[in-house]
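[1] any chance you could fold what I've pasted below:
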Amino acid sequence: MNKNLFQPGEIKTKEGEFKLGLVHTFEEPVEEVEVEEVPQYTGPTADDLKREAEDFKVQWESEKQKMLDDAQAQANAIIESAKNAAFEEVKKQTDEVQTIKAQAETEAQKIIADAREQASQIQAKSEIEKDEIKRNSYEEGLKEGKKDGYDSGKEEVNRLIDRSHKILEAVLNRREQILNETEEQIIQLVLLMTRKVVKVMSENQKSVVMANVLSALKKVKARGDVTIRVNLEDVKLTTEHIKDFIEQVESVSGITVVEDSSVEKGGCIVETDFGAIDARISSQLSELESKILEISPMKPIQKNPASAQTAAQK
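    Model prediction:
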């Protein structure tokens, strides 16, 4: 049994240090960590991966360039096909115009011949009446001693002659009106069909907007940043190919794509610090219509720009 109280003689002094052991220890136990053996890496080195990445990049650039070239070729083929179709339609309609003009010319000649026949009959009748009225008036004047009868007959003859001239003039004016109305209707029909063809192709061929953007960018002369305005439905596709556009056009260093509701699907407007390049479908359609009117044998008609743009959007 341990003793808690000591007498003075029971205590002995010891030299040096003496450590008393603690009943409890306050140190945190040290966990033993098992070290797993790391397997030796036997895969490709960093240089191998780098070379593989470079080869993949070269292959991808080649494939991407081929895709762009194919898209450009397809777009050019589509545009050329549309032009050929439009001009073929113009040629076809022009032949029909010539046929219609010939028929109208024949009908007009018949109307003129009938009118001349009527005028000739009226004039002959008026001459007979003139002589009869003149004779009667003269006799009456002699009898009554007046000149009023003769003057009245002469006035009636002149009235009949004027009437025949007016009939002939009205027939000639109607002939000219028929020809003009026929020409205008056929030209409007050709232009309407051209608008429909271009509208369908621009809305269904995604490569059309790519070709329009690239063609407009190549017209930029000074180097710098540009802003491309496109239809809302073309924003995503155009944005995805910004890098490709910059690589294709050396004069462009930066591109920003924004949505513009005034631009039809498939078209674009390229804005630079020096001006804007209008590549909208409606603008190109107006140019195409001008060329159609230039080759048309018919005289051009006055065109309302607002109505042309409305028709292209239908």
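[2] in the stretch 151-300 of the chain, which spans are strands?
    224-230, 252-259, 268-272, 275-278 (DSSP state E, counting those that start in this stretch).
[3] for the last one, packing partners?
    By that I understand strand 275-278. Strand 275-278 is packed against strand 268-272, with contacts defined by 3 or more C-beta pairs under 8 Å, 6 or more residues apart in numbering; DSSP states H and E. Backbone N, C-alpha and C define where each C-beta goes, glycine included.
[4] domains for the protein, by residue range?
    80-204, 207-309 (automatic domain parsing).
[5] any idea which of the ones you listed is most buried?
    domain 207-309 (a mean of 17; mean count of other C-beta atoms under 10 Å).
[6] now the strands of the stretch 151-300 of the chain in JSON lines, with mean pLDDT?
    Listed next are the strands of the stretch 151-300 of the chain as JSON lines, based on pLDDT from 0 to 100:
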{"stretch": "strand 224-230", "mean pLDDT": "91"}
{"stretch": "strand 252-259", "mean pLDDT": "91"}
{"stretch": "strand 268-272", "mean pLDDT": "91"}
{"stretch": "strand 275-278", "mean pLDDT": "88"}
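[7] which of these sits closest to Asn158?
    Asn158 lies closest, by C-beta to C-beta, to one member of those: strand 275-278, at 63.1 Å.
[8] quick one: strands adjacent to the closest one?
    strand 268-272 (antiparallel) (DSSP bridges).
[9] quick check: angle from the strand it pairs with to strand 224-230?
    160 degrees (axes from the mean of the first three to the mean of the last three C-alpha atoms, to 10 degrees).
[10] can you list contacts of strand 268-272?
    The set of residues external to strand 268-272 that reach it, using C-beta atoms under 8 Å, 6 or more residues apart in numbering, is 209, 212-213, 216-217, 219-220, 222, 224, 226-230, 234, 238, 260, 263, 276-280.
[11] can you put the strands of the stretch 151-300 of the chain in JSON lines and add distance to Gln98?
    Output for those, formatted as JSON lines (distance: least, C-beta to C-beta, whole Å):
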{"stretch": "strand 224-230", "distance to Gln98": "42"}
{"stretch": "strand 252-259", "distance to Gln98": "47"}
{"stretch": "strand 268-272", "distance to Gln98": "39"}
{"stretch": "strand 275-278", "distance to Gln98": "36"}
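[12] of all these, which one comes closest to Glu107?
    strand 275-278 (44.9 Å).
[13] just the CA atoms of that closest one, as CSV, please.
    Extracted in CSV, the C-alpha atoms of strand 275-278 (Å, rounded to 0.1, in the frame of the first residue of the first chain):
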residue,chain,number,x,y,z
GLY,A,275,-18.2,51.5,-94.9
ALA,A,276,-20.6,48.5,-95.4
ILE,A,277,-20.9,45.8,-98.0
ASP,A,278,-24.5,44.8,-98.7
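[14] find the nearest non-adjacent residue to Gln72, please.
    The shortest distance from Gln72 to any non-neighbouring residue, by C-beta to C-beta, 6 or more residues apart in numbering, is to Ala211 (6.2 Å).
[15] am I right that the one you found is in contact with Ala73?
    No. Counting by C-beta atoms under 8 Å, Ala211 does not reach Ala73; the two are 9.6 Å apart.
[16] for the stretch 151-300 of the chain, which spans come out with low pLDDT?
    Applying pLDDT under 70 to the stretch 151-300 of the chain picks out residues 153, 179-180, 182-183, 187, 189-191, 194-205, 295-300.
[17] now with 50, please.
    Applying pLDDT under 50 to the stretch 151-300 of the chain picks out residues 300.
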